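Q: A structural model of the following input is requested.
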Amino acid sequence: DVPDRRRGVLLRGWVIQAGRYAQGIYLPEAPLRINGTLTQHPTHLHEYFFALRQDQAGGQPGPAITGGFDLRHLTVHAKLGQFTLDPQHGSLLPHELRQWWDRFQPQGSLPVVSFSYDDPAAGAGFRAHISVEGVNLTLPYGEAPTGMTDVSGTFDIHNQRVETSLSGYFEDMQYHIDGRIDGFSRDAPFVLTVRAPAFHLPAEPRYLLALPPFVQRQFAKLSPTGTFDADVTIRRDGTGEEIRYDGTVKLTDGTLLYEKFAYPLQDVEGTIRFDNEEINIDQLSARGETGAVVLITGVITPPGKDSAVSLTITAEDLPIDSVLYDAMPSYAVKVIEAFGDKAAYARLIDEGLLQSRAQYDDRAAQLDAWTAQREQLAAEAAPDAQLVEELDRQIEQMRFEMTQPVFDIGGTTKVTADVNRPYGPGRRYDITTTIDMTGLNMIFRHWPYPMRLTGGELVVEPDLVEVREVTATGLRGGEGRLTGKVLLDRD
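A: Residues are numbered from 1 along each chain as shown. Have a look, this model is predicted:
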């Protein structure tokens, strides 16, 4: 505290010319015009106290600096008030701190800035406290600088160590950052934890700034939307060493459309874990738009441009329909279509040898209507004999048509898609699709006989189709078994 009795100097219209030495040359900073007081301690004559305020146009109070220094022990302490981030005010900060601070490209004002210097041998040394509120900063750590807006929090500095706690926004997503930085150099060690709670990602995101770029690139292949929680640790363990990442992303109520197996998914939930060595998809669960239950698991390693990929997509209760065809590689679609020959199916329908479930339901409804009309005529005293005869003929014909086997090509099944890519530049993706044939209705193109499949698998690889113990029954009895392999021309 400043003593009550003191000797001092009243300053009016003074100019402070701050500067620094670089390689023996004095480099002046922008001058400050100030008013204030400089007061000497009444008994400790080596101690001084100051209270200074910058002149502002129109007589408005400007930024102020208060504190003291000790010429014997070479200590200083100061507090800045109403401090802005223009070059003039920046000259009041120690040069090394100012250089480090300038890398954050701050815009705005700082409600509290304080710093002090004491004997390092006593464990004190240089200390500073910077409090920010509603400013814009660029976080100069990670693979690419990241701009934050509306930032509030603190930087506490002790010699070469900075501890920070910040909250702000990247675009319109809120983030919290905590951690430490062990030095003022550009390549200093640091560890920062970035938390982004419950942010919504739109269909065409411009950003996923909580995540490292290599994770952002892989996320783009999934086209995700929904509600995310991200928790990422960014660190450099030694000066100049590689920046390392370790984090998790949780997705709820989301959608996905993976570019290598583009089956639209909704109600997606699950966790993705990542570090510099791999991205691990820890069982994302989802629902297909036609009711399928889908699970995605796998790993991408290392998570760069030429990553090795091993993903498994499993779908149960999956309809064999156009949505599935759109997701599968063309060679797999051709194979499935060969087992479900739509042209042959249409011919059998036209010839009256089969009927679809929809046809059967329509005929049943028509039969009910004609039967009700026939009963109504029978209740009349003098029914129209010609109409009765015509109705009887139609009812008999409809009953005959309804005796034809009901057969819908396709069905629902379990499909597993294994997506693999070896590590290295220019390597292509291979997708192996395994289809559980149990319960499907098929008409094989090269032997168009309707069959209800009771077991077996169809495995479709880029160069090979394998039919594994597919068993079937005919519509009017009989059983069969199909096995074999077919080589494909991938091109």
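
Q: Could you count how many residues lie near the closest residue to Leu458 other than its chain neighbours?
A: Nearest residue to Leu458 in three dimensions, chain neighbours excluded: Ile435, at 4.5 Å (Cβ to Cβ, 6 or more residues apart in numbering). Using the backbone N, CA and C atoms, a C-beta is placed for each residue, glycine as well. Neighbourhood size, Ile435 [other Cβ atoms under 10 Å]: 25.

Q: ok, now Arg481?
A: Around Arg481 there are 12 other residues, counting by other Cβ under 10 Å.

Q: Tell me the strands beside the helix or strand hosting Asn420, with direction?
A: Secondary structure assignment for Asn420, by DSSP states H and E: strand 412-421. Sheet pairing of strand 412-421 (DSSP bridges) gives strand 308-319 (antiparallel), strand 430-436 (antiparallel).

Q: so how far is it from its chain's centroid?
A: From the chain centre to the centre of strand 412-421 is a distance of 23 Å (Cα atoms, centre = their mean, to the nearest Å).

Q: Just the residues contacting it, thanks.
A: Residues outside strand 412-421 that contact it (Cβ atoms under 8 Å, 6 or more residues apart in numbering): 258, 260-261, 292, 298, 307-320, 324, 328, 427-440.

Q: Wait, a helix at Gln105?
A: No. Counting by DSSP: H, G, I helix; E, B strand; the rest coil, Gln105 falls outside a helix, being coil.

Q: quick revisit: Val465 is in contact with the residue nearest to Leu458, correct?
A: No. If you go by Cβ atoms under 8 Å, Ile435 and Val465 don't touch, sitting 10.5 Å apart.

Q: any common contacting residues for those two?
A: Listed as contacting both Ile435 and Val465 by Cβ under 8 Å, 6+ apart are 458-459.

Q: residues contacting the residue lying closest to Leu71 once chain neighbours are set aside?
A: Leaving aside its sequence neighbours, Leu71 sits nearest to His46 (Cβ to Cβ, 6+ apart; 4.6 Å). Going by Cβ under 8 Å, 6+ apart, His46 touches 70-73.

Q: Just give me the closest of the residues you listed to Leu377.
A: Checking the contacts of His46 against Leu377 with Cβ to Cβ, the nearest one is Asp70 at 118.2 Å.

Q: Helices along the stretch 101-250 of the chain, start to end?
A: 213-222 (DSSP state H, counting those that start in this stretch).

Q: so where is it shaky, pLDDT-wise?
A: Filtered on pLDDT under 70, the stretch 101-250 of the chain yields the residue ranges 120-123, 141-145, 202-211.

Q: Val335 reaches Val459, doesn't it?
A: No. In this structure, Val335 is not within contact of Val459 by Cβ under 8 Å, at 9.7 Å.

Q: Pull up the overlap in contacts between the two.
A: Common neighbours of Val335 and Val459 (criterion: Cβ under 8 Å, 6+ apart): Val465.

Q: list the contacts for the spatially closest residue to Gly411 that is not a sequence neighbour?
A: The shortest distance from Gly411 to any non-neighbouring residue, by Cβ to Cβ, 6+ apart, is to Leu440 (4.4 Å). Leu440 sits next to 320, 410-411, 413, 452-453 when contact means Cβ under 8 Å, 6+ apart.

Q: Now with 10 Å, please.
A: Residues in contact with Leu440 (Cβ atoms under 10 Å, 6 or more residues apart in numbering) are 320, 336, 339-340, 409-413, 451-454, 456, 458, 470, 472.

Q: ok, it to Glu351 distance?
A: For Leu440, the distance to Glu351 (Cβ to Cβ, to the nearest Å) stands at 22 Å.

Q: Same question for Val465.
A: Relative to Glu351, and taking Cβ to Cβ, Val465 is found at 30 Å.

Q: The two: which is more packed in?
A: More crowded of Val465 and Glu351, by other Cβ under 10 Å: Val465, with 21 against 9.

Q: Return the set of residues that bridge with the more buried one.
A: For Val465, the beta-bridge partners are Val460, Val486 (DSSP bridges).

Q: What pLDDT does the model give it?
A: As predicted, Val465 sits at a pLDDT of 90.

Q: try the one 10 residues further on
A: Looking at Leu475, its pLDDT stands at 89.

Q: Next up, phi/psi of the closest residue to it other than its chain neighbours, please.
A: Nearest residue to Leu475 in three dimensions, chain neighbours excluded: Pro405, at 4.2 Å (Cβ to Cβ, 6+ apart). The phi and psi values for Pro405, taken as degrees, to the nearest 10, are phi -60, psi 140.

Q: give me every residue that touches Pro405.
A: 348, 353-355, 360, 450, 452, 474-476.

Q: which ones among those are found in strands?
A: Residues from the contacts of Pro405 lying in strands, with DSSP state E as the criterion: 450, 452, 474.

Q: Now list the buried members of the contacts of strand 412-421.
A: 258, 260-261, 292, 298, 307-316, 318-320, 324, 328, 430-438, 440 (16 or more other Cβ atoms under 10 Å).

Q: secondary structure class for Ala344?
A: Under three-state DSSP, the three-state class of Ala344 is helix.

Q: List the residues that contact it.
A: So Ala344 contacts 409, 443-450 (Cβ under 10 Å, 6+ apart).

Q: Please report how far the residue nearest to Leu458 lies from Thr149.
A: 51 Å.

Q: just Val194 next, same as before
A: According to Cβ to Cβ, Val194 and Thr149 sit 15 Å apart.

Q: okay, the two: which has more neighbours?
A: Between Val194 and Thr149, counted using other Cβ under 10 Å, Val194 has the larger neighbour count: 25 against 15.

Q: Not counting residues beside it along the chain, what's closest to the more buried one?
A: Closest to Val194 by Cβ to Cβ, 6+ apart is Val232, at 4.7 Å.

Q: Name all residues that make contact with the one you found.
A: 142, 175, 177, 192-196, 210-212, 215, 245-249, 274.

Q: Kindly recompute the last result at 8 Å.
A: 193-195, 210-212, 245-248.

Q: Restricted to strands, list the residues you listed.
A: 193-195, 245-248.

Q: So the residue nearest to Leu71 versus Asp418, what's the distance?
A: Distance check for His46 against Asp418: by Cβ to Cβ, it reads 78 Å.

Q: How about Ile181?
A: Going from Ile181 to Asp418 by Cβ to Cβ gives 44 Å.

Q: Then Leu32?
A: To Asp418, Leu32 is 69 Å away according to Cβ to Cβ.
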